[in-house]
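Peer 1: need a structure here:
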Amino acid sequence: MTLRFVGMDPNTGGEGSPTVWVEEETADLVLQGEEADELLKALVGGTQWVPGHKIGIPPHERVIRIPVRMVPMLREACDAAERAAHRDVR
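Peer 2: Okay, here's the model as predicted:
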């Protein structure tokens, strides 16, 4: 597995580090962020966002927050992921 580091929250101050990577082989985005508080998890997990889709947060998934100041890093990561996906014919 090879991760391409894209960026880290510039306001981390050495503690906790919302971070964005692209996994080179799959072109998946890999995100590290602050776990959502109980109110946000309840809203996400208690709402049927797509008709017919089960509500709730599966045990293997997490809701995280990525600070808005990291949006440029997410754009860069999305572009890198698309480029990586187009290099591989899947």
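Peer 1: use CA for all of it now, contacts and neighbours both
Peer 2: Noted.
Peer 1: residue boundaries of the helices in the chain?
Peer 2: Per DSSP state H, the chain carries helices over the ranges 38-45, 71-87.
Peer 1: now the ones you listed in a markdown table, with mean pLDDT and distance to A27?
Peer 2: As requested, the helices of the chain are arranged in a markdown table below (pLDDT from 0 to 100; distance: least, CA to CA, whole Å):
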| stretch | mean pLDDT | distance to A27 |
| --- | --- | --- |
| helix 38-45 | 96 | 26 |
| helix 71-87 | 90 | 5 |
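Peer 1: Spatially nearest residue to the residue nearest to the spatial centre of the chain (excluding sequence neighbours)?
Peer 2: Centroid check for the chain by CA atoms, centre = their mean gives L31 as the closest residue, at 3.8 Å. Take L31 and drop its neighbours on the chain: the residue closest to it by CA to CA, 6 or more residues apart in numbering is V20, 4.9 Å away.
Peer 1: Tell me what the one you found is bridged to.
Peer 2: G7, L31 (DSSP bridges).
Peer 1: Is it correct that it is in contact with P10?
Peer 2: No: in this structure, V20 is not within contact of P10 by CA atoms under 8 Å, at 12.0 Å.
Peer 1: More neighbours: those two, which one.
Peer 2: V20 (24 against 12; other CA atoms under 10 Å).
Peer 1: related to what we said a few turns ago, can you give me every residue that contacts the residue nearest to L31?
Peer 2: Residues near V20 by CA atoms under 8 Å, 6 or more residues apart in numbering: F5, V6, G7, M8, L29, V30, L31, Q32, M73, L74, A77.
Peer 1: hmm, 7 Å instead?
Peer 2: Contact partners of V20, counting by CA atoms under 7 Å, 6 or more residues apart in numbering, are F5, V6, G7, M8, V30, L31, Q32, L74.
Peer 1: ditto for I57
Peer 2: For I57, counting by CA under 7 Å, 6+ apart, the contacting residues are G45.
Peer 1: heads up, I number from 45, so please use that
Peer 2: That works, and once the first residue is 45, the last one we named lands at I101.
Peer 1: Now do it against T46, distance only.
Peer 2: Distance of I101 to T46, given as CA to CA, to the nearest Å: 28 Å.
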